[in-house]
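Participant: Pasting a predicted model and its sequence here:
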Amino acid sequence: MSSSSASYQLLPQDSGSPHESGHYPPLGEKPKGQAGAVTARYSYFTTGAIAVVAACFIVDSIALVYMIFLSSKAPVSLDQLPLRHTYSTLDYLYNGTNFRSGLQDPLINTPMAFALVNRSQPAKVTLDPQDMSMTDEGFIPVGERRLLVTPSVSTIMQMRVLDYGMENCSITFRHKSHRSTRALATLPATIRGSQGDSALLNVWSLASDRKLDFGKLAWNTKPPRRTFLGALRVGYNTTSQLPGFACPMGSYQAFEVACSPEDSVCHVEVNSRSMEHSGLYLTQYPTV
């Protein structure tokens with residue numbers, strides 16, 4: 001072995017890496033090369049994430065304020081929601097050039113309810129006592145509809161138009177029972193006027209397209225009259241009808257029945273029960 005000491009020399013270093021060379025950029029100066037590109041990408045990602053979070057926060061804040069505003073308002077009644085056409089696609093079928101329309105029998109549409117309003121007591125709400133019938137389970141309501149018209153009392157009635165393509169409507173009066181020999185005051189049906197056993201009634205459509213609250217109807221609160229439909233002569237054991245008018249399917253139709261000014265002693269009182277076709281009702285005729 002050689003007794004002389006070995007000499008060592010340093011290998012050349014790669015000066016491109018600051019970690020290996022020990023040279024770092026001054027504070028505040030962006031790093032160069034590959035390390036600078038990585039740092040820039042992280043910086044862009046962080047900035048984008050902060051922008052997304054800020055945008056979501058702003059949108060959520062606006063939505064929260066809007067929900068608080070809506071909740072502070074009065075709730076919307078179901079009767080105020082728009083009425084949807086359940087047979088909308090049938091319009092395309094019936095409008096086809098090769099479609100042959102069939103004949104349909106008229107529909108009898110009985111009123112949902114009657115309400116009495118009195119011009120001499122304009123603020124009074126008149127609610128008829130509900131007749132009851134005895135069954136094995138107890139008393140049940142009969143569902144009687146009372147038509148009462150005098151010079152001071154009018155009857156308000158409402159129907160909802162049934163079925164598609166039956167949109168030509170007419171107000172119909174029918175009385176199918178013969179007159180009793182008992183006094184008029186005790187009759188189930190009373191009809192009298194200036195011509196004896198008949199009376200002349202005026203029928204108006206009312207400016208209401210929604211379901212009426214019959215428990216709150218009075219002369220002061222009833223909907224205003226919209227269209228005069230005609231004068232109807234009514235009597236015992238007779239059927240009379242007014243000219244037809246357009247009535248869209250599913251729409252609410254409200255009417256006021258009053259004594260004609262030409263009949264100063266008009267008095268009509270007819271009671272009908274269940275689905276009995278008596279008194280006043282709506283007859284629907286086909287339109288397709």
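Facilitator: Yep, that arrived.
Participant: Buried residues of stretch 224-238, list them for me.
Facilitator: By neighbour count on 16 or more other CB atoms under 10 Å, the buried set for stretch 224-238 is 229, 232, 234-236. Quick note: C-beta positions are derived from backbone N, CA and C, even for glycine.
Participant: What of stretch 237-249?
Facilitator: Neighbour-count burial for stretch 237-249 [16+ other CB under 10 Å]: 242, 244, 247, 249.
Participant: and what of stretch 105-117?
Facilitator: Here stretch 105-117 shows 109-111, 113-117 as buried, counting by 16+ other CB under 10 Å.
Participant: How about stretch 196-210?
Facilitator: 198-206, 208.
Participant: Max pairwise distance over those residues: which two?
Facilitator: Based on CB to CB, the longest span within these runs between Ser198 and Ser208 and measures 29.7 Å.
Participant: one step back: now the buried residues of stretch 224-238 in a markdown table, with distance to Thr283?
Facilitator: A markdown table is the format used below for those (distance: CB to CB, whole Å):
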| residue | distance to Thr283 |
| --- | --- |
| Leu229 | 13 |
| Leu232 | 13 |
| Val234 | 15 |
| Gly235 | 18 |
| Tyr236 | 20 |
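Participant: Pick the one among the residues you listed closest to Phe45.
Facilitator: Taking CB to CB as the measure, Leu229 is the one of those closest to Phe45, at 74.1 Å.
Participant: Disregarding flanking residues, what is the spatial nearest neighbour of the closest one?
Facilitator: Of all residues beyond its chain neighbours, the one nearest Leu229 is Val203 (4.6 Å), with distances taken as CB to CB, 6 or more residues apart in numbering.
Participant: now Ile171
Facilitator: Ile171 sits nearest to Leu242 (CB to CB, 6+ apart), 4.6 Å away.
Participant: got the contact list for that neighbour?
Facilitator: If you count contacts by CB atoms under 8 Å, 6 or more residues apart in numbering, Leu242 has them with 170-172, 203, 229-230, 232.
Participant: one more time with 6 Å, if that's ok
Facilitator: Listed by CB atoms under 6 Å, 6 or more residues apart in numbering, the contact set of Leu242 reads 170-171, 229-230, 232.
Participant: Which of those fall within strands?
Facilitator: Using DSSP state E, the members of the contacts of Leu242 that fall within strands are 170-171, 229-230, 232.
Participant: measure the residue nearest to Ile171 to Cys169 for me?
Facilitator: Here Leu242 is placed at a distance of 9 Å from Cys169 (CB to CB, to the nearest Å).
Participant: swap in Leu107?
Facilitator: Taken as CB to CB, the span from Leu107 to Cys169 is 9 Å.
Participant: shared neighbours, these two?
Facilitator: Common neighbours of Leu107 and Cys169 (criterion: CB under 6 Å, 6+ apart): Gln284.
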